[in-house]
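Q: from the sequence below, what's the structure:
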Amino acid sequence: MSRDATSPDARQATAVVLGAGIGGLAAAVGLARAGWAVTVLERAIALEPVGAGIALAPNAIRALDALGVADEVRAMAALRGEIGIRRADGRWLVRADATAASEAHGEATVVVHRARLVDLLVRALPDGTLRTGVEATVADPGDANRPARVRVRRAPTDAGADTLDADLVVAADGIDSRTRAALFPTHPGPVATGVVAWRFVVPEPDGLVPAETWGRGSVVGLAPLADGRVYGYATAVLPPGGRSDDEAAELRRRFGTWHAPIPTIVAGLESRDVLRHDLRWLATPLPRFDVGRVAFLGDAAHAMTPNLGQGGCQALEDAVTLAVLLGAPDASTVRTALAAYTAERLPRTRRVQRMSAQVGRPTTWTAPAAVAVRDALMSVVGRLAGPLLVRRTAPVVGWRPPRA
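A: A predicted model of the protein is given here:
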């Protein structure tokens, strides 16, 4: 059975969003605000409060402003005061003033728990927009004269499938996007970086100074959340596919002798508190972000390393740009708008991908001589950290939503 997505009014243009992550939900909010009838389809049965923290840089805050939800985010944990990079023994390599950087960029970076941001976006959706516990695949991407078609199943074992015809499909189905694999069958997909990441949220210790600490092929980062907790992450150069019987014990083994308060934080971790992932990215860019009436967004389009903290921020930029370029619902202009979306977003996200990979490369060095040279250079850079930080990050965090 085929039907139009969501809207009882056949004249109202319809959009189906595949995936209820940050980017997909933001796209749904933006399109709904523009007047589209939107359906969000999510494989998970419920949007559980999984994940850890996310740093929302000024560009992401401006995107959330365009969606009408930024004020609640601004009231959370903005980074203020001293930040920087340290060695494992605690010596500072780079020190900067986050408050001064915020003033230069016109917005502060805000660190929030991902679950809070997801909840905020869900609450901004019209009632009945989100459908969970369904598997959705693009059966036909459509073209200028034909709507896209999405096949929907309640469970993988369902014999039958419903179909939705839509004027627009937003593929926000993540780094392992089935839509990308189907519509770009020769693309190599995500590749491993050779780095493993652990993430966790713990109570905030006294006197915490937000910082990254760089060791030999390893990093620990700590940033305060708004609710008296700390978002922490750690990385190490390891082959993909590995696991530890107790990830908290693994963190204590690797980082238990680093500077305070890292030993205290990892000492209090339970294995259930720790998420472990192999870091991957789309090293080969997609040739475009649109096929027919399908637009790719977020990790499905341009998964990147986390070293700039821009993965979620770029997904929010995607969502707002897509909603602005599509504008008021008009099925006849979708193809033109999607071509403009690719032209605007593909070059920018590719630059951010490359910059993130470059920033992260020195953190993977393990040879003592290379690490010593890296730290010496970072110490020199640290003397100019404030102006350099603003100048280097301006092209990334200075983004503003396009005008309608």
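Q: show me the contacts for T284.
A: Applying CB atoms under 8 Å, 6 or more residues apart in numbering to T284 gives the contacts 187-188, 191. Every C-beta, even on glycine, is put in place using the N, C-alpha and C of the backbone.
Q: now A108
A: Each residue near A108 by CB under 8 Å, 6+ apart is listed here: 58, 61, 74, 78-80, 98-99, 102.
Q: looking at these, which is nearest V320?
A: Of all the contacts of A108, V320 sits closest to I61, with 11.4 Å by CB to CB.
Q: was I right about the closest one contacting V73?
A: Yes. Contact criterion CB atoms under 8 Å: I61 and V73 qualify, at 6.5 Å.
Q: ok, those two, which is more surrounded?
A: Using other CB atoms under 10 Å as the criterion, I61 and V73 rank with I61 on top: 23 against 20.
Q: name the nearest residue to the more buried one, ignoring sequence neighbours.
A: Excluding its sequence neighbours, the residue lying closest to I61 (CB to CB, 6 or more residues apart in numbering) is E107, at 4.7 Å.
Q: wouldn't that neighbour be in contact with R62 here?
A: Yes. Counting by CB under 8 Å, E107 touches R62, with 6.6 Å between them.
Q: show me where the stretch 251-400 of the chain has its strands.
A: Assigned strands in the stretch 251-400 of the chain, in chain order: 275-281, 290-291, 294-296 (criterion: DSSP state E, counting those that start in this stretch).
Q: might you calculate how far the shortest one sits from the centre of the chain?
A: A distance of 21 Å separates the centroid of the chain from that of strand 290-291, by CA atoms, centre = their mean, to the nearest Å.
Q: sorry, back to before: out of the strands of the stretch 251-400 of the chain, nearest to P395?
A: Judging the strands of the stretch 251-400 of the chain by CB to CB, what sits closest to P395 is strand 275-281, at 19.7 Å.
Q: just among the contacts of T284, which is most surrounded?
A: Counting neighbours by other CB under 10 Å, the top entry in these is H187, with 15 neighbours.
Q: now that residue. Its backbone dihedrals?
A: phi -70, psi 140 (degrees, to the nearest 10).
Q: ditto for T193
A: Here T193 shows phi and psi, under degrees, to the nearest 10, equal to phi -90, psi -10.
Q: contacting residues for it?
A: T193 makes contacts with 278-281, 305, 360, as judged by CB under 8 Å, 6+ apart.
Q: cool, N59 as well?
A: Per CB under 8 Å, 6+ apart, neighbours of N59: 313, 316-317, 396-400.
Q: show me how far the strand or helix carrying it is from its chain's centre.
A: If you go by DSSP states H and E, N59 is part of helix 58-66. Centroid separation for helix 58-66 versus its chain: 14 Å, with CA atoms, centre = their mean.
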